[in-house]
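**Student:** Quick one: sequence and predicted model below, then my questions.
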Amino acid sequence: MSPYTVSNVQDLRICVVMVGLPARGKSFISQKIVRYLSWLLIKAKCFNVGSYRRETTQQPNADFFDANNKEGLKIRQLAVTNAITDMMDWFNKENGVVAILDATNTTRERRNWVLKLCRQNRIEPMFLESWCDDQDLILRNIAEVKTTSPDYVGVEPEVATKDFLNRIKKYEKIYEPLDETYDQDLTFAKLINIAQQVIANKIQSYLESRIVFYVMNLHIKPRCIYLSRHGESIYNLEKKIGGDSSLSPRGLKYAEKLPELVKQDAGDVDLTVWTSTLIRTQETAQYLPYKQLQWKALDELDAGVCDGMTYEEIEKEFPEDFRARDENKYEYRYRGGESYRDVVIRLEPIIMELERQENILIITHQAVLRCIYAYFMNVPQEESPWVAIPLHTLIKLEPRAYGTKVTLIKADIPAVSTYKEKGTSQVGEDDKSTNIKTRNLLMTSL
Ligand SMILES: Nc1ncnc2c1ncn2[C@@H]1O[C@H](COP(=O)(O)OP(=O)(O)OP(=O)(O)O)[C@@H](O)[C@H]1O
């Protein structure tokens, strides 16, 4: 069995029950939690009741959501029942650890029903409410994601907005927010106006506290995260892995060009640059006119006894290890070194801090960038160690409501390719194959 990344996960099953009026970011938060936990290799899945409801009812108007609409109630009850049935199946058949029940769950009656079902099935219920009275933000949310939802295909945005506001009114009539006194025995967290205020009540397990800590750090301000590998290094030229070498002359050219490349895209925004503690990332960042921070956690995957060797040398000297790594690159740990899984675990504070921050430029290493990229782009663990991250290329990530937009900005300074395909010890591709890899990278975006 694989080791867990968070303690006390064994035998623990948690259902995060979302609570809140429409357009309060419940789906946004649910998807973020799933991505975060999946990245940490904790089995997590979101059950969105709206999608179940859409299987039977297309494009209902606000009246459908009226508490007195018997037909509407029946359909909505069926949707939540089906979602919960699938959720229980997932816990039982697929050994799920954290399920998110993404629905409004606005009444005490509904929450009590979910609570009972969870307890009967040995699942810990944790309620997570998003409460928001910022009308401008709610209107922005409706414009950003609701007027374009499947519920409003072919409907004018103004008409859709008006109907959605009516839908919210229907829910407001019956809404019973979580209450510190009434709900004092429940495990719950309540986010007020994003995370201006956070109430945490009876948070029991370590995993629950990680989830609360994570959602506390989320923000929705528009921002860019730039990622770059260090410029081409002497070791890259010699096809060696690891080490702490300096940049090659072409790598230095990239370092000189980087300020212009960033400025052209980012303009005058304020950025902070994060580098690893290794010479090649610092040399790459040396001309950037921004505040810089060094993180040990951003150092390259430690290749242990293979540090400083070429792949050909590794294949000759440690043939079994070479094959084992190709077989399961994510789990393979170099003798005396690290695996991709180890790197993900040490990157967790980086991800947490990235969620808190605004515009950041990270200059680090291939394996580390693959792990960070996998978090933002939802790349499955078995694929992430094979993502091509070319040298001398700036990757721009723009987090959006339900995903991340990715753009590649090439510096147009030649560099060797350090990409190694499965089953060979050869690195390097011609220009054509590098472009194919680049396209693969773009296609993984949401
Ligand atoms: N804590 C929050 N409070 C308010 N808005 C948020 C919050 N977090 C994210 N958002 C914004 O909410 C929007 C996404 O809305 P989302 O679909 O997640 O709402 P919802 O509550 O799931 O609505 P519905 O009940 O209709 O499914 C995005 O524009 C996102 O920026």
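**Tutor:** That came in fine, so what should we check first?

**Student:** pLDDT score assigned to the residue of the stretch 251-400 of the chain found nearest the ligand?
**Tutor:** Taking CB to the nearest ligand atom, the ligand has its nearest neighbour within the stretch 251-400 of the chain at Arg400, 8.4 Å off. Bear in mind the C-beta positions are built from the backbone N, C-alpha and C, glycine included. pLDDT, Arg400: 91.

**Student:** before we move on, what about Leu442?
**Tutor:** 44.

**Student:** Next: Thr424.
**Tutor:** So, for Thr424, pLDDT stands at 79.

**Student:** Low-confidence ranges, the protein, go.
**Tutor:** Residue ranges of the chain with pLDDT under 70: 1-10, 428-446.

**Student:** Tell me if the lengthiest helix in it is near the ligand.
**Tutor:** Longest helix in the chain, counting residues (DSSP state H): helix 70-94. No - Helix 70-94 lies apart from the ligand when judged by CB under 6 Å from any ligand atom; the minimum separation is 11.9 Å.

**Student:** what's that helix packed up against?
**Tutor:** For helix 70-94, the packing partners by 3 or more CB pairs under 8 Å, 6 or more residues apart in numbering; DSSP states H and E come out as strand 44-48, helix 49-56, strand 98-102, helix 108-120.

**Student:** In contact with Val114: list those residues for me.
**Tutor:** Taking CB atoms under 8 Å, 6 or more residues apart in numbering, we find Val114 in contact with Cys15, Val17, Ile84, Leu101, Asn105, Pro125.

**Student:** Tell me how many other residues crowd Ser51.
**Tutor:** A total of 14 residues lie near Ser51 under the criterion other CB atoms under 10 Å.

**Student:** same deal with the one 5 residues further on?
**Tutor:** Close neighbours of Thr56, defined as other CB under 10 Å, add up to 12.

**Student:** Could you tell me how many residues sit around the residue in the chain positioned nearest to the ligand?
**Tutor:** For the chain, the residue closest to the ligand is Gly25, as judged by CB to the nearest ligand atom, at 2.4 Å. Neighbour count for Gly25, taken as other CB under 10 Å: 22.

**Student:** ok, back up a step: most neighbours of all the contacts of Val114, which one?
**Tutor:** Tallying neighbours with other CB under 10 Å puts Leu101 at the head of these, with 26 neighbours.

**Student:** Is that residue in contact with Lys26, as I believe?
**Tutor:** No - here Leu101 does not reach Lys26: they are 9.9 Å apart, not a contact under CB atoms under 8 Å.

**Student:** Now for these two: what residues contact both?
**Tutor:** Residues within reach of Leu101 and of Lys26 at once, by CB under 8 Å, 6+ apart, are Met18.

**Student:** Contact partners for Phe127?
**Tutor:** Contacts here follow CB under 8 Å, 6+ apart; on that basis Phe127 touches Val16, Val17, Val19, Asn105, Arg111, Leu178, Asp183, Leu186, Thr187, Phe188, Ala189.

**Student:** Work out the gap between the strand or helix carrying Leu369 and the centre of the chain.
**Tutor:** Using DSSP states H and E, the element containing Leu369 is helix 366-377. The chain centroid and the centroid of helix 366-377 are separated by 10 Å, computed with CA atoms, centre = their mean, to the nearest Å.

**Student:** Can you work out which other helices and strands pack against it?
**Tutor:** Under the contact definition 3+ CB pairs under 8 Å, 6+ apart, helix 366-377 sits against helix 26-39, strand 225-229, helix 340-356, strand 360-364, strand 393-400, strand 403-410.

**Student:** Dump those to JSON lines, plus mean neighbour count and distance to Lys70.
**Tutor:** Output for the helices and strands packed on helix 366-377, formatted as JSON lines (neighbours: other CB atoms under 10 Å; distance: least, CB to CB, whole Å):
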{"stretch": "helix 26-39", "mean neighbour count": "22", "distance to Lys70": "25"}
{"stretch": "strand 225-229", "mean neighbour count": "24", "distance to Lys70": "48"}
{"stretch": "helix 340-356", "mean neighbour count": "18", "distance to Lys70": "43"}
{"stretch": "strand 360-364", "mean neighbour count": "25", "distance to Lys70": "52"}
{"stretch": "strand 393-400", "mean neighbour count": "20", "distance to Lys70": "38"}
{"stretch": "strand 403-410", "mean neighbour count": "15", "distance to Lys70": "37"}
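
**Student:** Output these as CSV; include the columns distance to Ser245.
**Tutor:** CSV is the format used below for the helices and strands packed on helix 366-377 (distance: least, CB to CB, whole Å):
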stretch, distance to Ser245
helix 26-39, 30
strand 225-229, 14
helix 340-356, 20
strand 360-364, 15
strand 393-400, 20
strand 403-410, 24
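
**Student:** right, so of those, which gets closest to Asn141?
**Tutor:** helix 26-39 (8.6 Å; CB to CB).

**Student:** what about the nearest residue to Arg24 once chain neighbours are set aside, helix or strand, and which?
**Tutor:** Excluding the flanking residues, the one nearest Arg24 by CB to CB, 6 or more residues apart in numbering is Ser130, at 4.2 Å. Using DSSP H and E, Ser130 maps to strand 124-131.

**Student:** So for that strand, what gets flagged as buried?
**Tutor:** Buried residues in strand 124-131, counted by 16 or more other CB atoms under 10 Å: Glu124, Pro125, Met126, Phe127, Leu128, Glu129, Ser130, Trp131.

**Student:** Pull up the residues of this protein that are close to the ligand.
**Tutor:** For the chain, the contact set with the ligand under CB under 6 Å from any ligand atom comprises 20, 22-29, 50, 104, 130, 132, 137, 141, 144-145, 191, 194, 220, 401.

**Student:** Selection in PyMOL covering whichever of those residues are buried, please.
**Tutor:** In PyMOL, this line selects whichever of these come out buried by 16+ other CB under 10 Å:
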select buried, resi 20+22+23+24+25+26+27+28+29+50+104+130+132+137+141+145+191+194
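
**Student:** Tell me the backbone dihedrals of the residue of the chain closest to the ligand, please.
**Tutor:** phi 80, psi 20 (degrees, to the nearest 10).

**Student:** dump the residue contacts of it.
**Tutor:** Taking CB under 8 Å, 6+ apart, we find Gly25 in contact with Ser130, Cys132, Asn141, Ile194, Ile220.

**Student:** wait, doesn't the first one sit right on Pro22?
**Tutor:** Translated: Ser130. No - if you go by CB under 8 Å, Ser130 and Pro22 don't touch, sitting 10.7 Å apart.
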